[in-house]
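Trainee: Below are the sequence and a predicted model; questions follow.
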Amino acid sequence: MSARAQIGVTGLAVMGRNLARNFARHGYTVAVHNRSYAKTESLIAEAGHEGDFVPSESMADFVASLERPRKVVIMVKAGGPTDAVIDELVPLLEEGDIVVDAGNAHFPDTIRRENALRAQGLHFVGTGVSGGEEGALNGPSIMPGGTRESYESLGPILEDISAKVDGVPCATYVGPDGAGHFVKMVHNGIEYADMQLIAEAYDLLRQGLGASAREIGEIFAQWNTGDLESFLIEITADVLQHVDAETGRAFVDIVLDQAEQKGTGRWTVQNGLDLGVPITGIAEATFARALSGSVPQREAGRAALPAHAQAWEVKDRDAFIEDVRLALYASKVVAYSQGFDQIAAASLENSWDIDRGAMARIWRGGCIIRARFLNRITEAYERDANLPLLLADPYFTDAVGNGLAAWRRIVAGAAQNGVPAPAFSSSLAYYDGVRAERLPAALVQAQRDFFGAHTYKRVDRDGTFHTQWSGDRTEVEA
Ligand code: 6PG
């Protein structure tokens with residue numbers, strides 16, 4: 001077996017086979033392997049003409065077919081299956097070889113794996129790959145972590161096969177060990193928020209206007225020509241205008257209203273809680289999926305809970321549609337602002353030194369949250385790489401400020417008319433919280449000191465204090 005393949009992929013389910021095809025289409029000799037050889041044979045049968053593949057039945061032959069330093073891409077289910085493949089691979093590799101995990105691994109697992117393989121002289125590159133099956137084949141957004149040394153030989157190949165925006169690859173070195181998978185996790189958290197906000201906008205239009213799914217699809221198609229232009233808005237316009245062949249009804253009306261989740265959004269929220277970053281939009285989106293699946297509670301709620309809400313009387317259809325559009329854009333900015341805060345906090349905690357502008361830049365294409373306004377976020381971080389709050393960038397302060405009255409009308413209207421809009425509402429509450437002169441957190445601190453002597457700080461002098469509530473209520477320095 002001559003070692004002539006420049007990169008290898010093990011795990012040839014749809015994502016793995018499409019990545020392998022993408023490498024081959026870009027002129028690389030690609031070693032391919034799968035636990036069941038039949039999948040490898042079917043890849044060669046169906047796509048062998050697209051480039052130079054080197055199929056192997058055994059893992060040993062697969063490794064032997066790779067030139068040094070070997071670059072092996074693992075594309076199997078996250079968790080145990082990934083560990084199993086690593087355990088089979090590592091004894092066959094030599095110092096300096098590179099193992100790339102391109103699945104949706106949980107970043108703590110990636111940190112553990114990177115440390116373990118580094119101790120054996122190997123590079124472990126946890127890599128976020130976003131864009132689904134189509135992206136893997138035609139150009140994903142790629143978020144590799146690991147050592148800079150591994151990126152020297154691996155990076156150019158990933159940049160070659162990634163999506164391009166204005167000729168710029170949607171792939172770049174993210175940072176050490178788990179940084180790549182962390183950024184992909186936050187990408188997915190933002191994806192959840194984006195999808196929930198779009199769903200709420202749809203529901204507001206449906207309930208506020210009594211518009212049909214098709215009419216709302218046409219509204220989204222119109223929105224996709226402006227600041228909201230994005231992959232998710234585009235597919236929403238498509239989905240809402242799709243008709244179910246079996247019933248002739250709007251497709252969205254025959255879909256059960258219970259949203260599922262593989263776990264990346266949940267991880268994002270858990271991490272936001274750990275870091276103390278208020279990613280309220282992502283959290284509300286994740287909990288909205290959980291609520292939709294809370295069947296016993298929803299059945300009981302439908303049966304017992306009165307609406308006490310007025311029917312939504314929209315007097316000016318076009319003005320209402322514009323209000324929803326502005327509220328959607330403003331809420332979306334909040335969700336992205338929170339996601340980038342989370343990246344900054346994790347980067348600091350883990351000494352990853354993640355460049356948020358670069359992350360926005362590689363999300364402009366290929367990934368699920370690709371959107372025109374990621375250009376604006378990239379520009380914001382180019383203006384100030386240490387921007388403490390994306391919302392406070394002049395472009396976004398103006399853009400969101402212009403829509404603030406509309407945002408307030410829509411959130412108030414949703415509340416008055418009994419339409420659930422948790423992500424819209426929490427985003428507006430976050431906006432008002434983060435700009436507030438004083439927050440009622442002062443009272444929370446006072447309460448905590450009263451029942452738990454948890455102390456407090458004062459606004460008028462340094463130090464930490466406690467009031468002796470059960471005694472003479474004198475204040476002592478803690
Ligand atoms: C991507 C997607 C992908 C993820 C789907 C499903 O970036 O290509 O995020 O990685 O698998 O979004 O995720 P949920 O089941 O959690 O919605």
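Mentor: Arrived safely, thanks for sending.
Trainee: Is the ligand within reach of the longest strand seen in the chain?
Mentor: Taking DSSP state E as the assignment, the strand of the chain that covers the most residues is strand 123-130. Yes: for strand 123-130 and the ligand, the contact criterion (CB under 6 Å from any ligand atom) is met by Ser130. For every residue, glycine as well, the C-beta is placed using N, CA and C.
Trainee: Quick check: mean pLDDT of that strand?
Mentor: If you average the pLDDT over strand 123-130, you get 98.
Trainee: Given it, what are its sheet partners and their directions?
Mentor: Here strand 123-130 is paired, per DSSP bridges, with strand 98-101 (parallel), strand 141-144 (antiparallel).
Trainee: Mean neighbour count, those: which tops it?
Mentor: Highest mean neighbour count of those: strand 141-144, a mean of 31 (counted as mean count of other CB atoms under 10 Å).
Trainee: Which parts of this protein are strands?
Mentor: Per DSSP E, the chain carries strands over the ranges 7-10, 29-33, 52-55, 71-74, 98-101, 123-130, 141-144, 164-165, 168-169, 465-467, 475-477.
Trainee: Could I get the CA-only coordinates of the first one as CSV?
Mentor: The C-alpha atoms that make up strand 7-10 are tabulated as CSV, following Å, rounded to 0.1, in the frame of the first residue of the first chain:
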residue,chain,number,x,y,z
ILE,A,7,-6.1,13.4,3.8
GLY,A,8,-8.4,10.6,5.0
VAL,A,9,-12.0,10.3,6.2
THR,A,10,-13.3,7.5,8.4
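Trainee: Which strands or helices does that strand pack on?
Mentor: helix 14-25, strand 29-33, helix 59-64, strand 71-74 (3 or more CB pairs under 8 Å, 6 or more residues apart in numbering; DSSP states H and E).
Trainee: how about these in a markdown table, adding distance to the ligand?
Mentor: Putting the helices and strands packed on strand 7-10 into a markdown table (distance: least, CB to the nearest ligand atom, whole Å) gives the following:
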| stretch | distance to the ligand |
| --- | --- |
| helix 14-25 | 9 |
| strand 29-33 | 21 |
| helix 59-64 | 25 |
| strand 71-74 | 15 |
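Trainee: which stretches of this structure have low pLDDT?
Mentor: Scanning the chain for pLDDT under 70 picks out 1.
Trainee: and it, which residues reach the ligand?
Mentor: 104, 130-132, 188, 191, 261-262, 264-265, 367-368.
Trainee: Of these - the most surrounded one?
Mentor: If you count neighbours using other CB atoms under 10 Å, the busiest of the residues of the chain next to the ligand is Cys367, which has 29 neighbours.
Trainee: got the contact list for that one?
Mentor: 130-131, 135, 140-141, 163, 170, 187, 231 (CB atoms under 8 Å, 6 or more residues apart in numbering).
Trainee: burial count for Asp61?
Mentor: 15.
Trainee: Check the gap between it and Leu93 for me.
Mentor: Distance, Asp61 to Leu93, using CB to CB, to the nearest Å: 14 Å.
Trainee: I'd say Arg266 and Ala283 touch.
Mentor: No: Arg266 lies out of contact with Ala283 (CB atoms under 8 Å); the separation is 9.9 Å.
Trainee: my guess is Gly126 contacts His181, does it?
Mentor: Yes: if you go by CB under 8 Å, Gly126 and His181 touch, sitting 4.1 Å apart.
Trainee: Spit out the residues that contact the two alike.
Mentor: Overlap of the contact sets of Gly126 and His181 (by CB under 8 Å, 6+ apart) consists of 101, 105, 107, 110, 145.
Trainee: from the residues you listed, which single one is nearest the ligand?
Mentor: Of all the shared contacts of Gly126 and His181, Ala105 has the smallest distance to the ligand: 11.0 Å, by CB to the nearest ligand atom.
Trainee: Tell me who's in contact with the closest one.
Mentor: By CB under 8 Å, 6+ apart, Ala105 lies in contact with 78-79, 82, 113, 126, 181.
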